[in-house]
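Undergrad: Build me a structure from this.
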Amino acid sequence: MKQRIDFIDLAKGICILLVVQIHVYGDTSLGLFKMMSLFRMPLYFILSGLFFKTYGGFFLLFKKKTNKLLIPFFVVFIFTIVPLHILFDYILGNESFSLNGLLFEEYGRLYHSINGAVWFLLCLFQINVFFYAIVLISQKNNYLILLLSSTIGLIGYSIDSGNYYLPLWIDSSLTALPFFVFGYEIRMYTSILENDFSIKDVFLFTFFLLVLVFVYYICGESDIFVGYDDNHYIINALGLYLGGISGTMCILTIAKYLKKLPVISYIGKYSIIVLSTHLLFILFARNVFHQFNIPQDNAVVNTLLFFVVVVLSIPTISFVRRYLPYCFAQKDLWV
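TA: The predicted structure follows:
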């Protein structure tokens with residue numbers, strides 16, 4: 001069995017907690033939350049790119065990523081999103097039933113509003129396929145890899161600028177591809193995965209923190225909006241990519257320094273389970289709050305909700321690992 005890298009699990013844990021945070025607190029004008037929006041999703045894409053492999057051919061890559069990404073996506077879609085969509089919108093909401101409306105939102109995206117975070121799994125699957133094609137076309141020429149991925153990323157970003165949309169989050173995948181490639185590149189050409197923290201990492205953290213703060217203020221602070229789930233951005237392309245990369249590098253250096261934090265590292269190790277389930281806890285809790293007339297926009301209530309979701313994630317991980325390992329990428333269903 002491969003030895004895990006402790007600080008990567010910690011970085012994944014920080015990443016998934018940032019995802020839970022935005023879904024609990026919502027979009028807010030608070031400066032720190034706005035700044036975190038620059039690197040919340042890029043952190044996940046870069047971490048994924050760090051461990052990209054071709055697995056010796058497209059079929060093996062496809063099988064591997066189907067087990068790790070597609071199966072969890074469709075399990076969540078079929079067994080949580082669709083049934084809850086029917087319950088809340090067609091039974092309790094009294095909307096007219098439509099098969100197209102059941103499966104799709106506007107612009108050809110699969111309906112995901114009830115458990116919206118899982119769009120990332122399909123997006124990441126597509127990115128792996130796109131990058132495999134780039135590696136194949138470029139014949140592993142690094143300059144060509146960088147040129148093609150940067151061009152594709154700008155095309156994805158421009159799709160939003162032109163008010164165009166592609167189905168199944170393909171446009172989001174194109175825009176996010178450069179982050180994935182950045183992860184691949186720093187794995188190939190740096191010692192980023194070395195566990196030992198050194199003075200070099202202090203300088204790296206300082207540099208990237210300054211870049212992140214500069215990007216945040218130069219791009220308009222509270223006017224910034226970054227939405228990878230619908231490929232919509234109120235920030236220029238340079239700020240989008242610099243902010244994502246610099247914020248991610250800050251988190252990676254912090255994680256390398258701390259190495260391991262019990263609960264956060266554990267959640268990071270099984271982040272795909274938390275990603276797939278945390279919105280269900282939030283949905284349930286908010287409905288309970290509604291029944292008891294508890295205010296939904298109260299900071300204290302939201303903070304309590306955040307910690308409840310984190311606490312509930314621990315037994316959820318244990319349950320899934322024991323009873324549903326093939327559904328959430330803990331064991332391979334396709335062997």
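Undergrad: CA only for contacts and neighbour counts going forward, please
TA: OK.
Undergrad: For the stretch 1-150 of the chain, give me the ranges with low pLDDT.
TA: The stretch 1-150 of the chain contains residues with pLDDT under 70 at 1-2, 28-30.
Undergrad: where along it do the helices fall?
TA: Counting by DSSP state H, counting those that start in this stretch, the stretch 1-150 of the chain has helices at residues 6-25, 31-37, 40-50, 58-65, 71-76, 82-85, 99-103, 119-138, 142-161.
Undergrad: The shortest one packs against which elements?
TA: Contact analysis of helix 82-85 by 3 or more Cα pairs under 8 Å, 6 or more residues apart in numbering; DSSP states H and E lists helix 99-103 as its packing neighbours.
Undergrad: Flag every buried residue along the helix it packs on.
TA: By 16 or more other Cα atoms under 10 Å, the buried positions in helix 99-103 come out as 102-103.
Undergrad: Then stretch 153-167?
TA: Going by 16+ other Cα under 10 Å, stretch 153-167 has these buried residues: 153-154, 156-160, 165-166.
Undergrad: now swap in stretch 84-100 and tell me
TA: 84-86.
Undergrad: picking that back up, and the helices of the stretch 1-150 of the chain: which comes nearest Thr277?
TA: helix 71-76 (8.4 Å; Cα to Cα).
Undergrad: Report the backbone C-alpha coordinates of the closest one in PDB.
TA: Output of helix 71-76 as PDB, limited to C-alpha atoms (Å, rounded to 0.1, in the frame of the first residue of the first chain):
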ATOM      1  CA  ILE A  71     -19.400   6.200  -9.800                       C
ATOM      2  CA  PRO A  72     -19.600   8.500  -6.700                       C
ATOM      3  CA  PHE A  73     -21.200  11.200  -8.900                       C
ATOM      4  CA  PHE A  74     -23.900   9.000 -10.300                       C
ATOM      5  CA  VAL A  75     -24.600   7.300  -7.000                       C
ATOM      6  CA  VAL A  76     -25.200  10.700  -5.400                       C
END
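Undergrad: Would you reformat the buried residues of stretch 84-100 as a markdown table and include distance to Leu240?
TA: What follows is these, written out as a markdown table (distance: Cα to Cα, whole Å):
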| residue | distance to Leu240 |
| --- | --- |
| Leu84 | 34 |
| His85 | 33 |
| Ile86 | 37 |
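Undergrad: wait, which of these is closest to Ile127?
TA: His85 (27.6 Å).
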